[in-house]
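Student: Any chance you can model this:
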Amino acid sequence: LHAYTLVHDDLPALDDDAVRRGAPSCHAAFGEATAILAGDALQTLAFEILARCDAPPERRVAAIAALAETAGSRRLVGGQQADMEGEGMRPTIELVTFIHERKTAALVSCAMQIGAIFAGANEDAIDEAADVGLAVGLAFQIADDLLDRDGEAAILGKGVRKDDRRGKITWPAAAGTDASREHAATLVTDAIRRVEAMGLSLIHI
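Tutor: The predicted model follows:
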């Protein structure tokens, strides 16, 4: 599902990125029509994989429902629409949080939620896993925003300085570089604390 979002996000109609992970993005290499179809195929493959998992039927259904909600209008699609509509608007913490919680953070949150579902966790633990994933996803997106502003294309494997040129709503634009770093660190620290409180461990690099 993540790969599908990247293939579609790179299209000229959306973020218009010609490079992804140090190589031509899908549409740059194979054309826009093929990129659209590849994204569609990857999206449906995600649901096929969940449907065929070796797990009790009720867990498979719950996982599919979680992924469907995340992939739909209230999360990934809606977040992308809000991201596009926000271009050129005055960046605020409220707006950047609204967008990020429905894009990258939603996807990480769903991944952890599905893991808890397949592990047979109770409802409270599933919700807690999803909340931890949301915090980690927000921290990741803040780091990504900072790298777009200060990173090097050769190291990142994608274009940089695109967000400011397009007037994107980002954490650095809304809060500044230092405050963004501090908030990301706080989110990660809180996520580790919450995972440890669940009797688990979070390996981080």
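Student: From here on, just use CA atoms for contacts and neighbour counts.
Tutor: Will do.
Student: now the helices for this protein?
Tutor: Here the chain has its helices, by DSSP state H, at 2-9, 26-30, 32-51, 57-71, 76-86, 93-101, 104-118, 123-150, 153-156, 162-166, 171-175, 177-197.
Student: where among those is the average confidence lowest?
Tutor: Lowest mean pLDDT of these: helix 153-156, a mean of 56.
Student: Give me the neighbour count for the closest residue to D16 other than its chain neighbours.
Tutor: Residue nearest to D16 in three dimensions, not counting chain neighbours: D10, with 5.1 Å by Cα to Cα, 6 or more residues apart in numbering. D10 has 21 neighbouring residues, counting by other Cα atoms under 10 Å.
Student: And D10, how far from A105?
Tutor: 19 Å (Cα to Cα, to the nearest Å).
Student: ok, E87 touching G167?
Tutor: Yes. If you go by Cα atoms under 8 Å, E87 and G167 touch, sitting 5.0 Å apart.
Student: Now A173: closest residue in space, sequence neighbours ignored.
Tutor: A173 sits nearest to P91 (Cα to Cα, 6+ apart), 6.2 Å away.
Student: Now do the contacts for the one you found.
Tutor: I169, T170, A173, A174 (Cα atoms under 8 Å, 6 or more residues apart in numbering).
Student: Who are the contact partners of the residue lying closest to A3 once chain neighbours are set aside?
Tutor: Once flanking residues are discounted, A3 sits nearest to L42: 7.1 Å by Cα to Cα, 6+ apart. By Cα under 8 Å, 6+ apart, the contact list for L42 reads L1, A3, Y4.
Student: Tabulate those (a markdown table), appending distance to E48 and neighbour count.
Tutor: Formatted as a markdown table, the contacts of L42 follow (distance: Cα to Cα, whole Å; neighbours: other Cα atoms under 10 Å):
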| residue | distance to E48 | neighbour count |
| --- | --- | --- |
| L1 | 11 | 17 |
| A3 | 15 | 13 |
| Y4 | 14 | 20 |
